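Participant: could you work out the structure for the sequence below:
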Amino acid sequence: MKDHAFKDFDFSTPSLVLKCVEDSHIGLGPARSLGRLGAPVYGIGGSPNIPSTSSRYFKKTFIQELKSTTSEEEIVDFIITVAKKIGKAVPLLTVDTFACIFARYNQTLREFFLMPEMDPDMVPRLSNKWEMQLLAEKYDVPTARAIAPKTKSEVEEFSKTARFPLLVKASEWTDIETRPTDRMVIVHSPEELIKQCIGYQREEWPNVMLQEYIGGQGTQDWIFNGYFDEHSNCLIAFSGKKVRQAPVRTGYASLGECSKNEVVESISKKFLHKIGYKGPVDIDFRFDPRDGLYKILDVNGRIGASFRLFVGENGLDVVRAMYLDRTGQGVPSDKQIDGRKWIVEDRDFRSSYTYFRENSLSIREWLKSLFGVQEAAWFACDDPKPFLIQFFHIFVKKVKIMIGMGYRILS
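Facilitator: Numbering: from 1, shown residues only. Got it, this is the predicted structure:
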């Protein structure tokens with residue numbers, strides 16, 4: 001990491017992480033990235049006991065407990081209250097809910113944050129899996145075949161021509177009232193599909209999306225990370241592979257590796273420029289060996305959970321690029337480091353265990369995969385506290401589970 005490359009830039013402007021999540025590293029990376037350069041970093045969290053907020057790089061964390069009854073207007077009012085206390089800041093959006101709120105209330109929040117004028121509907125459309133699917137199809141971006149059924153008969157009709165396995169998932173996960181019980185389920189037959197849908201206990205599923213699952217020999221999972229300025233020009237672009245995922249096969253990278261992919265980067269840049277996207281972005285692709293196409297799966301209009309996988313030779317990442325651009329300092333060029341690896345320690349251990357049980361990963365392969373890891377999501381020599389607290393929480397949870405199991409056996 002070559003932080004000295006930024007010695008001539010000004011990092012006095014505050015930034016605000018929205019938000020820090022319980023049992024997740026998602027807010028920790030942005031805090032460390034800018035905090036190491038001397039920028040004052042603040043955070044918003046849902047409780048005072050979040051491991052990531054214990055980082056030495058958080059100047060202060062503001063607590064807002066979000067309930068199902070909390071309105072967007074209440075959230076915006078709280079954000080503005082925080083902004084008035086810390087000064088005009090660069091927003092570091094890490095979850096879909098806040099990314100959508102900043103898009104929808106763009107005109108109001110621009111008075112308090114350094115952010116570009118945005119289409120209020122674009123980020124919400126990208127975070128909605130079905131709306132993103134329609135956008136991709138409109139601009140000829142390869143995707144897996146999908147439908148958003150409204151009735152049981154539509155599900156049955158799609159199952160007759162679809163290639164199994166299929167993914168059953170919520171098109172809009174932030175809508176608690178209408179989303180499926182499980183975020184994403186893989187089904188392998190028409191009978192299993194119908195059974196899964198019936199399990200939702202409703203005749204109509206306005207928030208359910210069915211999509212062909214791309215799997216099998218030769219399948220590869222790829223990530224694109226980039227930052228787009230106020231003119232929707234890409235100022236920095238990275239690409240890499242998911243070595244392992246959490247959850248297995250359907251989640252973010254628990255172990256990732258930088259690897260230049262011109263096709264993935266070209267598709268991403270052209271697509272986001274056409275739709276007028278502005279800001280940081282994290283996109284998931286899957287290579288389909290059946291037709292040789294890289295197909296877009298998800299577009300996250302925010303900082304990605306795996307963004308610290310991608311750090312250039314001079315230390316530039318998506319968060320630093322955004323900070324420099326939004327503070328009007330210009331973004332220096334940088335080049336990604338192919339072969340660089342990044343790991344989420346606890347999640348990758350769980351995923352590896354699942355692969356072991358499936359006989360798809362040996363001890364030797366696991367050890368070999370860890371060579372080249374240059375950064376971890378939790379552990380850092382200059383900031384050990386979040387790692388220690390997170391793994392203490394994990395230990396306590398395991399002890400409670402064991403005590404509970406023992407109590408049930410004895411009773």
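
Participant: paired strands for the top strand by length along the chain, with orientation please.
Facilitator: Ordering each strand of the chain by length in residues (DSSP state E) puts strand 234-246 first. Strand 234-246 has the following strand partners under DSSP bridges: strand 220-228 (antiparallel), strand 252-258 (antiparallel).

Participant: and the longest one, what's buried?
Facilitator: This points to strand 220-228. Residues Asp221, Trp222, Ile223, Phe224, Asn225, Gly226, Tyr227, Phe228 are the ones in strand 220-228 that count as buried (16 or more other C-beta atoms under 10 Å). The way it works is simple: take the backbone N, C-alpha and C, and place the C-beta from them, glycine included.

Participant: any chance of these in JSON lines, with pLDDT and distance to Gly256 too?
Facilitator: Formatted as JSON lines, the buried residues of strand 220-228 follow (pLDDT from 0 to 100; distance: C-beta to C-beta, whole Å):
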{"residue": "Asp221", "pLDDT": "95", "distance to Gly256": "9"}
{"residue": "Trp222", "pLDDT": "97", "distance to Gly256": "10"}
{"residue": "Ile223", "pLDDT": "98", "distance to Gly256": "7"}
{"residue": "Phe224", "pLDDT": "98", "distance to Gly256": "12"}
{"residue": "Asn225", "pLDDT": "98", "distance to Gly256": "10"}
{"residue": "Gly226", "pLDDT": "98", "distance to Gly256": "15"}
{"residue": "Tyr227", "pLDDT": "98", "distance to Gly256": "18"}
{"residue": "Phe228", "pLDDT": "97", "distance to Gly256": "21"}
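
Participant: what about Gly216, neighbour count?
Facilitator: Applying other C-beta atoms under 10 Å, we find 10 residues neighbouring Gly216.

Participant: returning to that earlier point: now distance to Tyr105 too, for the strands paired with strand 234-246, in JSON lines please.
Facilitator: Below are those laid out as JSON lines (distance: least, C-beta to C-beta, whole Å):
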{"stretch": "strand 220-228", "distance to Tyr105": "20"}
{"stretch": "strand 252-258", "distance to Tyr105": "27"}
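
Participant: so which of those strands is nearest Glu265?
Facilitator: strand 220-228 (6.2 Å; C-beta to C-beta).

Participant: chain center to that closest one: distance?
Facilitator: Averaging C-alpha positions (C-alpha atoms, centre = their mean, to the nearest Å) puts strand 220-228 11 Å from its chain's average.

Participant: what's the pLDDT at Glu172?
Facilitator: What the model reports as pLDDT for Glu172 is 71.

Participant: sorry, that was for Val168
Facilitator: The score at Val168 is 85. That number is its pLDDT.

Participant: and Lys2, by the same measure?
Facilitator: 65.

Participant: and the one 3 residues further on, by the same measure?
Facilitator: Reading off the per-residue confidence, Ala5 sits at a pLDDT of 85.

Participant: from Met118, how far off is it?
Facilitator: Separation of Ala5 from Met118 (C-beta to C-beta, to the nearest Å): 30 Å.

Participant: so between the two, which is more surrounded?
Facilitator: Legend: neighbour count by other C-beta under 10 Å for Ala5 and Met118, higher for Met118 (21 against 15).

Participant: A helix includes that one, no?
Facilitator: No. Counting by DSSP: H, G, I helix; E, B strand; the rest coil, Met118 is not part of a helix but coil.

Participant: how about the contacts made by it?
Facilitator: Phe102, Ala103, Asn106, Lys278, Gly279 (C-beta atoms under 8 Å, 6 or more residues apart in numbering).

Participant: Leu388 versus that one, what's the distance?
Facilitator: Computed as C-beta to C-beta, the Met118 to Leu388 distance reads 39 Å.

Participant: which residues touch stretch 259-266?
Facilitator: Contacts for stretch 259-266 (C-beta under 8 Å, 6+ apart): Trp222, Phe224, Gly226, Ala237, Ser239, Gly240, Lys241, Phe285, Tyr294, Gln336, Asp338, Gly339.

Participant: what bridges to the fifth one?
Facilitator: Right, Ser239. Listed by DSSP bridges, the beta-bridge partners for Ser239 are Phe224.

Participant: wait, isn't it in contact with Trp222?
Facilitator: Yes. The criterion here is C-beta atoms under 8 Å, and Ser239 meets it with Trp222 at 6.4 Å.

Participant: buried ones in stretch 48-63, by neighbour count?
Facilitator: Going by neighbour count (16+ other C-beta under 10 Å), the buried part of stretch 48-63 is Ile50, Pro51, Ser52, Thr53, Ser54, Ser55, Tyr57, Phe58, Thr61, Phe62.

Participant: for the first one, which non-adjacent residue is closest in space?
Facilitator: This points to Ile50. Excluding its sequence neighbours, the residue lying closest to Ile50 (C-beta to C-beta, 6 or more residues apart in numbering) is Cys20, at 5.0 Å.

Participant: likewise the third one?
Facilitator: Ranked by C-beta to C-beta, 6+ apart and with sequence neighbours excluded, the top spatial neighbour of Ser52 is Leu28, at 3.9 Å.

Participant: quick check: buried residues in stretch 304-324?
Facilitator: Within stretch 304-324, the residues that count as buried by 16+ other C-beta under 10 Å are 304-312, 314-324.

Participant: filter those residues down to the ones in helices?
Facilitator: Of these, the ones assigned to helices by DSSP state H are Val318, Val319, Arg320, Ala321, Met322, Tyr323, Leu324.

Participant: so who does the second one touch?
Facilitator: Same thing as Val319. Contact partners of Val319, counting by C-beta under 8 Å, 6+ apart, are Gly29, Pro30, Ser33, Leu34, Leu92, Pro280, Ile303, Phe307.

Participant: thought the last one was touching Gly226?
Facilitator: This points to Phe307. No. With contact defined as C-beta under 8 Å, Phe307 does not reach Gly226; the gap is 10.1 Å.

Participant: which one is Pro247 nearest to, not counting chain neighbours?
Facilitator: Ser351 (7.4 Å).

Participant: and what of Ala83?
Facilitator: Nearest residue to Ala83, sequence neighbours excluded (C-beta to C-beta, 6+ apart): Phe112, at 3.7 Å.

Participant: give me the number of residues near that neighbour?
Facilitator: For Phe112, the neighbour count with other C-beta under 10 Å is 20.
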